[in-house]
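# Below are the sequence and a predicted model; questions follow.
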Amino acid sequence: SRPGFKYDGKLILTEQSRPSQIPYRSLLPREIDNLLVPVCLSATHIAWGAVRLEPVFMQTGEAAGFAAALAKKQGVAPAQLDADLLVRTLVEHRQLVSFFNDLKLTDPEPVIPAAQYFATRGFFHSYDAALHEPLTEATAKVWRQGFAELQSGNLDPRDLAARVAKAAADTDSPPTAQSRGEEILRMWKLLSAKRKPSK
């Protein structure tokens, strides 16, 4: 350690920690298709420092429970379960899958699960959903492109998030007549109408 070094005592962190997601595949042990491991899940020794907390275990346990129920209902092993179906089921039951500064899962608004879902697919560039803000033309264009890619199975969430960030930086883009939340809810309803209900 050097005198006055601002990162003294930190382990590999180059900036403040940020919220993250735990992928479903980390609950699935290799070569065992019919087992879910919500506590001793697959994580690096660095990630384990954040994962090994009771609130995380409560959420991974709930996710594993829903996954087991869905797998049984569909007649498949948990390893063959459609992860997108699991995410949709979790958000429909108000399980936190994406962090936002300005949303509460307990709010009864139907757009909350929609925002949670689309955040996992790269439709938001920050931790502020700003659902009541006007949707700009630039963001609307990128969201609609992303939605088409999602429906066709060609969506890369990281690429979409980068495109959304670029669109959000376009301060000259005029607002549309609808809010960000209205567009997210519209896409959610379209997506839900094309898929079997998860309940």
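The structure has been received and is ready for your questions. Numbering: from 1, shown residues only.
# Check the chain for its longest helix and report it.
helix 54-74 (DSSP state H).
# Just after that helix, pick out the following helix or strand.
helix 83-92 (DSSP states H and E).
# what are the C-alpha coordinates of that following helix, in CSV please?
C-alpha atoms of helix 83-92 as CSV (Å, rounded to 0.1, in the frame of the first residue of the first chain):
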residue,chain,number,x,y,z
ALA,A,83,-35.1,-18.9,-18.7
ASP,A,84,-37.2,-16.2,-20.3
LEU,A,85,-40.4,-17.8,-19.0
LEU,A,86,-38.9,-17.9,-15.5
VAL,A,87,-38.0,-14.2,-15.7
ARG,A,88,-41.5,-13.3,-16.8
THR,A,89,-43.0,-15.4,-14.0
LEU,A,90,-40.7,-13.7,-11.4
VAL,A,91,-41.6,-10.2,-12.5
GLU,A,92,-45.3,-11.1,-12.6
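# And the helix or strand following it, what does it pack against?
Remark: after helix 83-92, the chain's next helix or strand is helix 111-119, criterion DSSP H and E. Helix 111-119 sits against helix 83-92, helix 180-194, with contacts defined as 3 or more C-beta pairs under 8 Å, 6 or more residues apart in numbering; DSSP states H and E. To be clear about C-beta, it is placed using only N, CA and C from the backbone, and glycine gets the same treatment.
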